[in-house]
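Novice: turn this into a structure:
(chains A, B, C and D)
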Amino acid sequence: MSAFTPNEMMTIAASRALKNDDVCFVGIGAPSAACNVARLTHAPDITLIYESGTIGTAPDVLPLSIGDGELCETATTTVSVPEMFRYWLQGGRISIGFLGAAQIDKFGNINTTVIGDYHHPKTRLPGGGGAPEIATSSQQVYITMAQSRRGMVETIAFYTSFGHGEGGDHRQRLGIDTQGPTLLITDLAIWKPDPVTKEFTVVSLHPGVTREQVQDTCGWPVKFADDVAVTPPPTELELRTLRDLKARTDAAHKGQATTA
Amino acid sequence: MSAFTPNEMMTIAASRALKNDDVCFVGIGAPSAACNVARLTHAPDITLIYESGTIGTAPDVLPLSIGDGELCETATTTVSVPEMFRYWLQGGRISIGFLGAAQIDKFGNINTTVIGDYHHPKTRLPGGGGAPEIATSSQQVYITMAQSRRGMVETIAFYTSFGHGEGGDHRQRLGIDTQGPTLLITDLAIWKPDPVTKEFTVVSLHPGVTREQVQDTCGWPVKFADDVAVTPPPTELELRTLRDLKARTDAAHKGQATTA
Amino acid sequence: MAKFLPLAQAVAENLNDGDIAAFEGFTHLIPTAAAHEAIRQNFRDLTLIRMTPDLVYDQMIGMGMAKKVIFSYAGNPGVGLLRRMRDAIENGFPHPIAIEEHSHAAMANAYEAGAAGLPCAIFRGYRGAGLAEVNPNIRHVTCPFTGEVLAAVPALRPDVSFIHAQKANKRGDVLVEGIIGIQKEAVLAAKRAVVTVEEVVDDFDDLHPNLTVLPAWTVTAIAVVPGGSHPSYTQGYYARDNAAYLEWDAIAADRDRFREWMQKNVIEAGVEDFAGRVANLRKAA
Amino acid sequence: MAKFLPLAQAVAENLNDGDIAAFEGFTHLIPTAAAHEAIRQNFRDLTLIRMTPDLVYDQMIGMGMAKKVIFSYAGNPGVGLLRRMRDAIENGFPHPIAIEEHSHAAMANAYEAGAAGLPCAIFRGYRGAGLAEVNPNIRHVTCPFTGEVLAAVPALRPDVSFIHAQKANKRGDVLVEGIIGIQKEAVLAAKRAVVTVEEVVDDFDDLHPNLTVLPAWTVTAIAVVPGGSHPSYTQGYYARDNAAYLEWDAIAADRDRFREWMQKNVIEAGVEDFAGRVANLRKAA
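Specialist: Purely as a prediction, here's the structure:
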């Protein structure tokens, strides 16, 4: 088996969590790569939905934006953005909402809005886009991100999207009847929420990763499951599929800028 | 000029009330004939909308239903029924809502729902369909019907669609900011609401029609304007256009029933 | 995920006594074959939803299958009244039925809300209208920004919706085109959806991306029934049988004649008869 | 009724200082040429609405034209941040701007409500979300049937909306296809609508009846600008200039470099330059 990077392991581990009959609302970046690797390997019939309105899309290269032309060209159908958010997301048809995160806490609450005070921010980030309702209307939410102490923090500055709040039954108390974050896949480990407290707990370490590495790159005291597994390394097929996809993507997105 | 029937006069008088830049929500029956005669004579660019979702339609024959195939085939675009009622009617884009009526009172309130008590009706009629909101969301409402004492009554059994209610500023008091019925065209006369009381008043008698005929076929004491005009008779072009349209329509709708 | 089934099986697996069912079609694409199959299987106590109940609901009501009808226009389109439905409402024959009556705007918004997973729809409607006084499911909400009072109706969420569509592909995606009416919303609002189609094609690769396509995973069962919307029509396949609508007025006017007609044309007929009924309407499409 | 005008005139006649304006496009069909024309005409005190403010709003904000921005995702799609917008929010440069921030679901529903003539939209949203605490235009209504509390936002009703579309016919009807985004709603929600198109064709007779067509009487002005959405794309005409989006990140990072770039590529450029910018992207479309 080839050597692989932590990022490749992250994407491939995330891809494995997706099933053939999932209907997946795909965030851009790492989620998009994972979803398309799943589609190109073990889940050929997975339904991928991008918030631009493309349903059942099967791009040959990863889109740079959520609205690239190929998403539409390869989709089963392309609907308007209001319909996407009303009939498809709010309608309860999404099994997995797949999000990336700038900042996350141990309960899967995500911040992509601001660092610092909302009204006088130190750093203004892009904001939530579809995330606030993806987080509450999808049956489950998967999150993927590379670990860092800046990204995985004890307290996030802003609840862009709600995970398990302060843990326990906080979602139900707010009238949210979906499961919320059930899986966090980082470049080092696979995390699942504790059944009671809902705190993310490491259930599997990627090959060669130590508990110390996980703790050193995480801003809260990490809980580990009683039985921590080792994530199976990428197979040749998974790795080749991911790398081919990335190579096609890089080739497609290169090109001459002709002023913006 | 040829002889013409009262019904032909009614349709042609109604067609003349429509302008080239009107956007007309067309009820089936007499309104549909009038709208299409207008389109085929003096108002070639009039926009005709049927509640089935067809916008800017130009049928060669009159549809039997509001959803005949030709309405779609000749339309600028065909949208879903929710969109029709949300974006196009409620959105305030209709200049003229054109309704027929089974029963009407002198304030242009229409009943197409029941004769007798709603819960124990003597006669159950089809109901309102689009009319309740056509009557309040269109900028103006035109009504066309053949006169009869059964159809033009002092008190209607049911307010299927609201005209001027009890008259005066009743619409405004209900928060309705559109003009409501501004024109009633029958087989005998043209009626307009009194500016203050909103009671329908005869402003023009069709050629050869007497005041007595109008009163004899109307269930309330008829008010006549100070100056009652005579409706100009149909022109050759108008009459030929209407008769050709009817002939094409009859030919198209004939045919063998092959069980329902 | 859509299963391709014979119509009898698709109906048997997805309709139950007591269900809230919608057989939708807005003049175009009325699912007559599915309704006739439901009549043959003799379901009872149905709550029937449809904006424009026409011949098929007249037939189902006349056969005593309906407990309640939720509707906005109960007419034979372009012809007149629904005489079996009238007989049930006016005379309780063959048995009394409950009605919940709305305007088209209300029903369209209510299906839209059902498809959108909302509990209710709000719209500017029913002002001065008599229905607001006789239908307790017409309520109001106040806009929290302007104070305007808007009408509210509960979302429609059928147990099962039946629609007719032009075609499916082999994967089970369904295309509806032409006058698309309320079909998409009726399917997405329902717990289960059964679609009859004129034909099955290999794929939809040549279709424009913005057409009304229901992905296979939104449909429960698909049955291939050429002519399945007769005497309604299927754009691109066959024309509306206007004469049959005119003829129905006389059939439904008489209780005995109605029963005889139903016996011969529905009870003793089958799904395979629809193709023949549209044979002479295909040229005109 | 749509008038065909040169873009400069269409913008001058329909945009005013202090207007609430939307330049909409959801990655696809961004009306760059119209935005650049607005920049050249140097409008001030605009309230800019857009779900996904990207390069063109970064440019308008950086040029000091915006008083307020109403938005749901302020990013350079696929690249990162909007550095001129950040500079305005974080440092008040070139002057402070107000923001009203929503989720995509809220903005999409708010445009939909605007197109539908409603004062507000209701949806199941913002539960547990921080925006509900910092944005006073996020309120609630209670379903009068179930008691469920739903989020409410005011309808969006721009004074003027600008969109880019594939084509118009001679009568002035406009076709939008592919990723149709929020374009139809942005036009129908606005008091005035200006559309740039790639081309004008004789008629739309060969189009499928269910496509997104805006009738001529819903559009105020049409300007023909080939390439008018560059560096965004127009499906069927030219591909997205991904490299330009990447390049923008560096340009916008520096105040001086930004001004220089704007001077050269917008202020001293013209509407006629867009065709050349997409010349090498046409094959890839």
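Novice: from here on, just use CA atoms for contacts and neighbour counts.
Specialist: Noted.
Novice: okay, A:L188 and A:P221: tell me how far apart.
Specialist: 16 Å (C-alpha to C-alpha, to the nearest Å).
Novice: A:L242 now?
Specialist: From A:L242 to A:P221 the distance is 32 Å (C-alpha to C-alpha).
Novice: looking at A:L188 and A:P221, which is more packed in?
Specialist: Ranked by neighbour count (other C-alpha atoms under 10 Å in any protein chain shown), A:L188 and A:P221 place A:L188 first, with 26 against 12.
Novice: show me the helices in the stretch 1-150 of chain C, by range?
Specialist: Assigned by DSSP state H, counting those that start in this stretch, the stretch 1-150 of chain C shows helices spanning C:7-14, C:32-40, C:55-62, C:83-91, C:104-115, C:131-134.
Novice: likewise the stretch 151-260 of chain A?
Specialist: Using DSSP H, counting those that start in this stretch, the helices of the stretch 151-260 of chain A run over residues A:170-173, A:211-216, A:236-253.
Novice: and those helices, which one is worst for confidence?
Specialist: Between those, the one with the least mean pLDDT is helix A:236-253; it has a mean of 92.
Novice: contact partners for residue 36?
Specialist: All of this refers to chain A. A:S15, A:A58, A:P59, A:L62 (C-alpha atoms under 8 Å, 6 or more residues apart in numbering or on different chains).
Novice: chain C was what I was after
Specialist: By C-alpha under 8 Å, 6+ apart, C:H36 lies in contact with C:V56, C:V266, C:I267.
Novice: what about the chain, any weak spots by pLDDT?
Specialist: Just so you know, I chose chain A. A:1-2, A:255-260 (pLDDT under 70).
Novice: wrong chain, I was asking about chain C
Specialist: C:284-285.
Novice: now for the helices of the stretch 151-260 of chain A, which one comes closest to A:V196?
Specialist: Nearest of those to A:V196, taken as C-alpha to C-alpha: helix A:170-173 at 11.1 Å.
Novice: how about that closest one: buried residues?
Specialist: Neighbour-count burial for helix A:170-173, with 16 or more other C-alpha atoms under 10 Å in any protein chain shown as criterion, is recorded at A:H170, A:R171.
Novice: other residues contacting it?
Specialist: Counting by C-alpha under 8 Å, 6+ apart, A:G163, A:H164, A:G165, A:D177, A:G180 sit against helix A:170-173.
Novice: closest one of those to chain B?
Specialist: Nearest to chain B out of those is A:D177 (C-alpha to the nearest C-alpha; 27.9 Å).
Novice: where does residue 196 fall, phi/psi-wise?
Specialist: You didn't say which chain, so I picked chain A. Backbone geometry at A:V196, expressed as degrees, to the nearest 10, gives phi -100, psi -60.
Novice: switch to chain C, please.
Specialist: According to degrees, to the nearest 10, C:T196 has phi -100, psi 140.
Novice: so what's it up against?
Specialist: C:7, C:31, C:33-34, C:162-165, C:222-225, C:228.
Novice: how about 10 Å then?
Specialist: C:4-7, C:10, C:29-34, C:162-168, C:174, C:221-229 (C-alpha atoms under 10 Å, 6 or more residues apart in numbering or on different chains).
Novice: ok, A:G130 to D:T146 distance?
Specialist: A:G130 is 26 Å from D:T146, where distance means C-alpha to C-alpha.
Novice: pull up the residues of the stretch 51-200 of chain A that are close to chain C.
Specialist: A:53-56, A:72-80, A:83-93, A:137 (C-alpha under 10 Å from any C-alpha of the partner chain).
Novice: which ones among the residues you listed are found in helices?
Specialist: Using DSSP state H, the subset of these located in helices is A:C72, A:E73, A:E83, A:S137.
Novice: among the helices of the stretch 1-150 of chain C, which comes closest to C:N280?
Specialist: Counting by C-alpha to C-alpha, C:N280 lies closest to helix C:32-40 out of the helices of the stretch 1-150 of chain C; the figure is 17.8 Å.
Novice: now the angle from the closest one to helix C:7-14?
Specialist: 70 degrees (axes from the mean of the first three to the mean of the last three C-alpha atoms, to 10 degrees).
Novice: quick one: residues contacting C:K167.
Specialist: Residues near C:K167 by C-alpha under 10 Å, 6+ apart: C:173-177, C:195-201, C:204, C:213, C:222, C:224, C:226.
Novice: buried among those? Need that as a selection in PyMOL.
Specialist: Of these, the buried ones go into a single PyMOL selection, burial set by 16+ other C-alpha under 10 Å:
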select buried, chain C and resi 173+174+175+176+177+195+196+197+198+200+204+213+222+224+226
